[in-house]
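Visitor: model this:
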Amino acid sequence: MRGMSKPILLLVDGSSYLYRAYHALPDLRGPAGVPTGAIHGMVAMMKRLREQVAAEHAVCVFDAKGPTFRDEWYPEYKAQRAPMPDALREQITPIHEVVKLLGWPVLEVPGIEADDAIGTLARVAAESGHAVVVSTGDKDLAQLVTSDTTLINTMNKAAAVPGSVAPWGGPAIDCEVLDPAAVSVKFGVPPERIIDYLTLMGDTVDNVPGVEKVGPKTAAKWIAEHGSLDGVIANAAAVKGVAGENLRKALDWLPMGRRLVTVKLDCDLNGFVPGWPQLDALALKPVDEAGLQDFYTRFGFKTWLKELAGAGAKTAAPASTGATSGDLFGDGSADASAPQLPAAVQERNYSTILDWPSFDAWLAKLQSASLAALDTETDSLDPMRARIVGISFCVKAGEAAYIPLRHEGPDAPTQLPLEEVLAKLKPWLEDAHAHKLGQNLKYDTHVLANHGIQLRGVQHDTMLESYVLEAHKTHGLGALGERHLGRAGLSYEDLCGKGVNQIPFAQVEVAKAAEYSSEDSDMCLQVHQQLWPQIEAEAGLLRVYRDIEMPTSALLARIESTGVLIDASRLQAQSHELGQRLLTLEQEAYDIAGQPFNMGSPKQIGEILFTKQGLPIVKKTATGAPSTDEEVLDKLALDYPLPAKILEYRSLAKLKSTYTDKLPLMINAQTGRVHTNYAQAVTVTGRLSSNEPNLQNIPIRTAEGRRVREAFVALPGHSIVSADYSQIELRIMAHISEDPGLLRAFGEGLDVHRATASEVFNTSVSEVTTEQRRYAKTINFGLIYGMGAFGLAQSLGIEQKAARDYIDLYFNRFAGVKHYMDNTKARAAELGYVETLFGRRIYLPEIKGGNGPRKAGAERQSINAPMQGTAADLIKLAMIAVQAALDEQGKLTRIVMQVHDELVFEVPDAELDWVKTEVPRLMAGVAALRVPLLAELGVGANWDEAH
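Guide: Numbering: from 1, shown residues only. Sure, this is the predicted structure:
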């Protein structure tokens, strides 16, 4: 801990915060109609920072316009970033102006990024005896942390212990503070290994590739095991599984990745910091009261004008008592005339229940509440295995309680017995008339089921409310709190740590756990109070939420709990066969190459293909080496045998590691089944995704991939039944476009691809050739996904002009489709979203503000999204309708999987006839379209046979 004698240099990452201010606040406007939200946020933050950190020197650093040295190293650097929104660009100059008026030096250095200027300033200041505080929300800057340099992130709230001292020697502040120990806890690696950590993960925002599918946990684990990035690289051959394969593919890139993520500490700031390398020019100045008065008047900041008039501007404005706790940009000084974020409830009455009288009092509150939020704290993220550690409830904003049940450790208080507490709560939890609310309650449903409790009365789920309103955004409770309440709350990592240092929730201090869990329930209720009125006011959104998403969530919990039976011995036999085939392929590749080589090393493969065999180079990597990715090998495989062998080897190796080896290990020991998790709030179109394991990506285009489905079996005396919609998106296209040709084809039950070929090639249906039908099928499905002439030419292997001619012929014959596409793109550009037939909104942010390629991509998506989204709505409605019929008639048939447009059932033989008749009828009847909905059904002893 430092003494107060050390001078403090406060560095503010202005570029990071101005974006956050812009996105965090509503679209505020000044008297002249100009946007002011980012200006307001930056003023509030700079005033508050100056009050919190008593620095003698400070500077607010912004990115300068134009390219930097990283663009020279790697032209694709930040190439995928959308351009700055016009409404934010208008505020940049005023932000610089007002920051200076508030007494802050401002720094921009052409050719380098703000991070590099901050890094250089931090190094020089620390070497000259300063304590350095860097205020940023950018994780990359954690590499700067030392005993002299601390990071603070005022966007992340953290309780400050009264009377405690911050690492730089001043009073502790109520936000995230990262010294070396805290960096290790947060990231799982020390500051000196942050560069290695970032290199392995990459940075999608800056378009810096890392190792594919390697996230924070794996990166920290590898560094802990091997000491450093160099150690990871040296031991790459020993890293197993898909992650190991991806690591070996990335080896050539990693040196460049490390170079790109490393913050420069030796930038030349001569001419930009007067007297450099002395820091005298960075001394904080008094605020310019006259200048601020003029500025606040111009932009309509009436409250701040009153503050100036009443007390005079202060060097450090006191933090307002009206500020939302943990809100970086709110200081209580927003103008009453401007739209504001709803104020989060400030008075918090959180209780920790440790005795029966307190429990009974809270149970009475739950029983009388019209709606209560609940949140379980558990010992596992696996819902099938998770057991309760504690549970919290909230009945009104600001009032919540936590019941600790299984906290352990020498300081853990005596807690109420878990079984007795759950027994007393069970009647309320299972009461369908006691209305409940939560965040991702599907998880809590599983957890309570593990304790013999069937959760009923679920009325609302804030994750799904957010998903229905804003599917294109994130839906975690912290993100929802930040967007709708102005505070993110404590995170799980705040309590338990990260990476190798993470502790189980049962070991968290009860007081901290109570604050965290109570806050979650409280925030959940307050977020619901903001979101539900918005849904209720829109008939389409209400229908999607009430009739589709909420019933689907309850049903998915049942499907996940049921699981699917796996024949592990069959997978093990397949794995052995694949292993033998891989050995054969390996030897065949060696024979063609004329020498052994590492089939998992892009570098060695490149040397064999391009140096030794002289194959043509299709494209290069960022480092200038010939690429050996799948696209390149696919092209080369058309003419050369070795690339084809390598592709087959990669495909089978992935199949083996991902499915035949892994699936048997995922069988639940208690049920004998695999229980996937269906993620309901991930895709913007409404489609479900599946993970742990991903059952939706099992390959079906190869014989080996299809054989994996043979291992998905039924109990003795049962069959697997597969039911899926036939050509569902084409049928939706026919309905939406009202094209007479498509309506006739589907209405008369024709082969739609033959009917299309007949129209495009101007021939009778009976004379359509196989080749013409193939072309028509490619056109039908390609146009659904917005495919243009280039894509169609590649798919058909023809010239681009010929592909354009086919598209023109198609649109000439199917004018209704062309009309639909043109109208949809225009409407999407106007509204920023498209809708499904049922009212689901699919937002396309790039269609308004994207650059050329991004906008074109959004336009293509606008064409397909209504069809894909409607198909997702239909399969969810089908699931709901079929399950309702099964329940009503007391059937034992169970839905065991949902895969895109397909439902998979485990059916007792005695119910097979009923299922064959009723399931297609129910699926076809969930919506009345202008063309028939057709559900096709297959039966077999396993999933593969059911196709």
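Visitor: List the residue ranges of the stretch 701-850 of the chain that fall below the pLDDT cut-off.
Guide: Counting by pLDDT under 70, the ranges of the stretch 701-850 of the chain that qualify are 849-850.
Visitor: All the helices of it, residue numbers only.
Guide: Remark: helices assigned in the stretch 701-850 of the chain by DSSP state H, counting those that start in this stretch are 703-708, 728-737, 740-747, 752-760, 770-784, 789-796, 800-813, 815-831, 846-849.
Visitor: how about these in JSON lines, adding distance to Leu144?
Guide: All C-beta spots, glycine's among them, are computed from the backbone N, C-alpha and C. Below are the helices of the stretch 701-850 of the chain laid out as JSON lines (distance: least, CB to CB, whole Å):
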{"stretch": "helix 703-708", "distance to Leu144": "47"}
{"stretch": "helix 728-737", "distance to Leu144": "50"}
{"stretch": "helix 740-747", "distance to Leu144": "60"}
{"stretch": "helix 752-760", "distance to Leu144": "60"}
{"stretch": "helix 770-784", "distance to Leu144": "49"}
{"stretch": "helix 789-796", "distance to Leu144": "45"}
{"stretch": "helix 800-813", "distance to Leu144": "50"}
{"stretch": "helix 815-831", "distance to Leu144": "43"}
{"stretch": "helix 846-849", "distance to Leu144": "32"}
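Visitor: Same list (those) but as a markdown table, adding distance to Pro383 and mean neighbour count.
Guide: Formatted as a markdown table, the helices of the stretch 701-850 of the chain follow (distance: least, CB to CB, whole Å; neighbours: other CB atoms under 10 Å):
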| stretch | distance to Pro383 | mean neighbour count |
| --- | --- | --- |
| helix 703-708 | 24 | 17 |
| helix 728-737 | 30 | 23 |
| helix 740-747 | 41 | 19 |
| helix 752-760 | 41 | 22 |
| helix 770-784 | 35 | 18 |
| helix 789-796 | 40 | 16 |
| helix 800-813 | 47 | 16 |
| helix 815-831 | 37 | 16 |
| helix 846-849 | 35 | 18 |
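Visitor: Out of those, flag the one nearest Gly579.
Guide: helix 703-708 (12.1 Å; CB to CB).
Visitor: still on that earlier bit, wait, which of the helices of the stretch 701-850 of the chain is closest to Leu101?
Guide: Of all the helices of the stretch 701-850 of the chain, helix 846-849 comes closest under CB to CB, at 30.0 Å.
Visitor: ok now the closest one, how far from the chain's centre?
Guide: 20 Å (CA atoms, centre = their mean, to the nearest Å).
Visitor: what's the following helix or strand after it?
Guide: helix 852-888 (DSSP states H and E).
Visitor: buried stuff in that following helix?
Guide: Within helix 852-888, the residues that count as buried by 16 or more other CB atoms under 10 Å are 854-855, 858-883, 885-886.
Visitor: Give me the next element, helix or strand, following it.
Guide: Moving toward the C-terminus from helix 852-888, the next element (DSSP H and E) is strand 894-899.
Visitor: got the CA positions of that next one in CSV?
Guide: Taking Å, rounded to 0.1, in the frame of the first residue of the first chain, the C-alpha atoms of strand 894-899 are listed here in CSV:
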residue,chain,number,x,y,z
ARG,A,894,-42.1,-38.2,-25.0
ILE,A,895,-40.4,-35.5,-27.1
VAL,A,896,-36.7,-36.2,-26.7
MET,A,897,-35.1,-33.7,-29.2
GLN,A,898,-35.9,-30.6,-31.3
VAL,A,899,-33.5,-30.2,-34.2
